[in-house]
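Please work out how this folds:
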Amino acid sequence: MKRSITIAIPVVALVAVAGLTYFGYTPIPALLGSLAPSSFAAGSGVLNVYITDAASATLKSLILNVTSLTLSYQGNVTTTAPRDQFVFQVPSSRGMNVDITKLQGSALLLGATNVPAGNVTRLILNITGAKALFTDGTSAKLRVAANGELMIPFHFQVHSSGSVDLTIDILPNTIQVSKGVATVLKPVIHLTAVQNSHSATITTTA
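Numbering: from 1, shown residues only. Here you go, the predicted model:
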């Protein structure tokens, strides 16, 4: 059984727009971390985190440093503080100097990890650096909006012993670059969660 729900949410404005998309991936077991789930209150599942991109008419390259992804849950899911959050630290070998414009039609696996089972209600994507190379030959070092901590309301469920493929889609054709004191990157991000549990696959996108 497959069921798809899609919501598009600009990270800064947080305005919802309806759409439909589906991503399916095969996890790479070699990248699965060895985190012990003993501190998880209701068991654990596997989260595979991907990043992808679409074509842009003005950007030749958009290079990002993606350092972490924080999952906020409904209720307490761990025995250590903060009990309603889990932070996935992206391996530097995967998250540093990622040129997302080269990921058109494909996705890069940033990593895989055990996460607490439960209902996720919000994600915070941490981008610590960004640089744009434009098609006219110019380039700019970018300051990321919200100090690089991009908060996205997003709901999906992690089942105990299940797995979720989470795709982060940053759209360069909707990136707003404003020139003033600093050049600011204000991305629009689409999130897709493909939940693999038992006989059902549920795809949720924001």
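
Give me the three-state assignment for the residue positioned nearest the centre of the chain.
The residue lying closest to the centre of the chain (CA atoms, centre = their mean) is I168, at 3.6 Å. Under DSSP: H, G, I helix; E, B strand; the rest coil, the three-state class of I168 is strand.

Identify the spatial nearest neighbour of it, chain neighbours not counted.
Nearest residue to I168, sequence neighbours excluded (CB to CB, 6 or more residues apart in numbering): I51, at 4.8 Å. Glycine gets a C-beta too; all of them are placed from N, C-alpha and C.

so what's that neighbour up against?
V66, V98, I100, L103, A107, L108, L110, T167, I168, D169, I170 (CB atoms under 8 Å, 6 or more residues apart in numbering).

Spell out, range by range, the helices that occur in the protein.
Ranges of helices in the chain, per DSSP state H, are 92-95.

What mean pLDDT does the longest strand belonging to it get?
The longest strand of the chain (DSSP state E) is strand 118-134. In this model, strand 118-134 has an average pLDDT of 94.

Show me what that strand is packed up against.
Where contact means 3 or more CB pairs under 8 Å, 6 or more residues apart in numbering; DSSP states H and E, strand 118-134 is packed against strand 59-73, strand 139-144, strand 149-158, strand 183-186.

quick one: buried residues of the second one?
Judged by neighbour count using 16 or more other CB atoms under 10 Å, the buried positions of strand 139-144 are L142, V144.

can you tell me the average pLDDT over it?
Averaging pLDDT along strand 139-144 gives 87.

now the angle between strand 59-73 and it, please.
Counting by axes from the mean of the first three to the mean of the last three CA atoms, to 10 degrees, strand 139-144 lies at 10 degrees to strand 59-73.

contacting residues for T80?
Counting by CB under 8 Å, 6+ apart, T80 has contacts S39.

State the distance from it to V164.
In this view, T80 and V164 are 22 Å apart by CB to CB, to the nearest Å.

How about V158?
Between V158 and V164 the computed distance is 6 Å (CB to CB).

what's the answer for L125, then?
Distance of L125 to V164, given as CB to CB: 16 Å.

So between the two, which is more surrounded?
Using other CB atoms under 10 Å, the more surrounded residue of L125 and V164 is L125, with 26 against 23.

Look up the residues forming beta bridges with the more buried one.
Per DSSP bridges, the residues bridged to L125 are L69, L150.

ok, now S139?
Beta-bridge partners for S139, by DSSP bridges, are L133.

thinking again about what came up before, who's the residue nearest to I168 bridged to?
Here I51 sits in beta bridges with L108, I168, going by DSSP bridges.

least trustworthy helix or strand in the chain by mean pLDDT?
Of all the helices and strands that make up the chain, strand 17-18 has the lowest average by mean pLDDT, DSSP states H and E, namely a mean of 27.

surely L69 meets V120?
No. Look at L69 against V120 with CB atoms under 8 Å: they stay out of range, at 10.8 Å.

quick one on the thing from earlier: closest to F88 among the contacts of I51?
Of all these, L110 has the smallest distance to F88: 8.5 Å, by CB to CB.
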